[in-house]
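Asks: sequence and computational prediction follow.
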Amino acid sequence: MLRSLVEQKRALGIFGSEHELPDNISVNQWSLLEKTITVLAPFEELTRQVSSSDASASDVIPAVTVLQKWLAKETDEDRGIRTMKNTLLAAVKKRLSDMENPLYGIASLLNPSNTNTAREAKVMVIQELQKMSGGDADKQVEHEEPPIRRPRRDQPSSSLDSV
């Protein structure tokens, strides 16, 4: 909705001046609207990615991590929206704090997007298997590392890939 409003900025200005409407949106307000769209765009993009029919649980950890890093990154363009970014970051951390659940790590192991997540997930899988097999935690099984796989690039790169 905000994007449509910004796209029609010129037409709204002309209409307002032709019909003598009071109080047009100021330049500063337009700037804040554009910055708000920029801040909210990753939420829309990640929501679409994890809601797609080919998304999997292994997409959750990278998506949340990227979103948190993007919101935490401060730039010169943040003037006027820093509080919004900090509030959104706190809300993401609060609502998506369940990333410590071993099942997300296991899902990432089955479809690793990066090698660090895969190693951590491997340890979690071994721990879960040890719990299920009666708690033989004293036995450490050495496993050979699987070959490193390249991540899938089926989808076009997103604006968050740089994060």
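Replies: Everything's here; your move. Numbers count the residues shown, from 1 in each chain.
Asks: which strands and helices sit next to whichever strand or helix holds Ser17?
Replies: Assessed by DSSP states H and E, Ser17 sits inside helix 9-18. Using 3 or more CB pairs under 8 Å, 6 or more residues apart in numbering; DSSP states H and E as the contact test, no helix or strand touches helix 9-18. Quick note: C-beta positions are derived from backbone N, CA and C, even for glycine.
Asks: in the following helix or strand past it, which residues are buried?
Replies: Past helix 9-18, further along toward the C-terminus, the next helix or strand under DSSP H and E is helix 27-51. When neighbours are counted by 16 or more other CB atoms under 10 Å, the buried residues of helix 27-51 are found to be 30, 32-33, 35-36, 39, 42, 45-46, 49.
Asks: got a list of contacts for helix 27-51?
Replies: Contacts made with helix 27-51 from outside it, assessed by CB atoms under 8 Å, 6 or more residues apart in numbering, are listed as 2-3, 5-6, 9, 25, 55, 59-60, 63, 66-67, 70-71, 77-78, 80-81, 84-85, 88, 155, 158-160.
Asks: from those residues, which land in helices?
Replies: 2-3, 5-6, 9, 60, 63, 66-67, 70-71, 84-85, 88 (DSSP state H).
Asks: in TSV: those residues, plus distance to Ser97 and pLDDT.
Replies: Converted to TSV, these look like this (distance: CB to CB, whole Å; pLDDT from 0 to 100):
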residue	distance to Ser97	pLDDT
Leu2	28	77
Arg3	30	80
Leu5	34	75
Val6	33	78
Lys9	38	77
Val60	12	76
Ala63	15	82
Val66	16	86
Leu67	13	89
Trp70	18	89
Leu71	15	91
Met84	20	91
Lys85	18	92
Leu88	15	93
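Asks: ok, of those, which come out buried?
Replies: So, of the ones in helices among the contacts of helix 27-51, 60, 63, 66-67, 70-71, 84-85, 88 end up buried under the neighbour-count rule (16+ other CB under 10 Å).
Asks: of those, closest to Ala107?
Replies: In terms of CB to CB, no member of those lies closer to Ala107 than Val60, at 7.4 Å.
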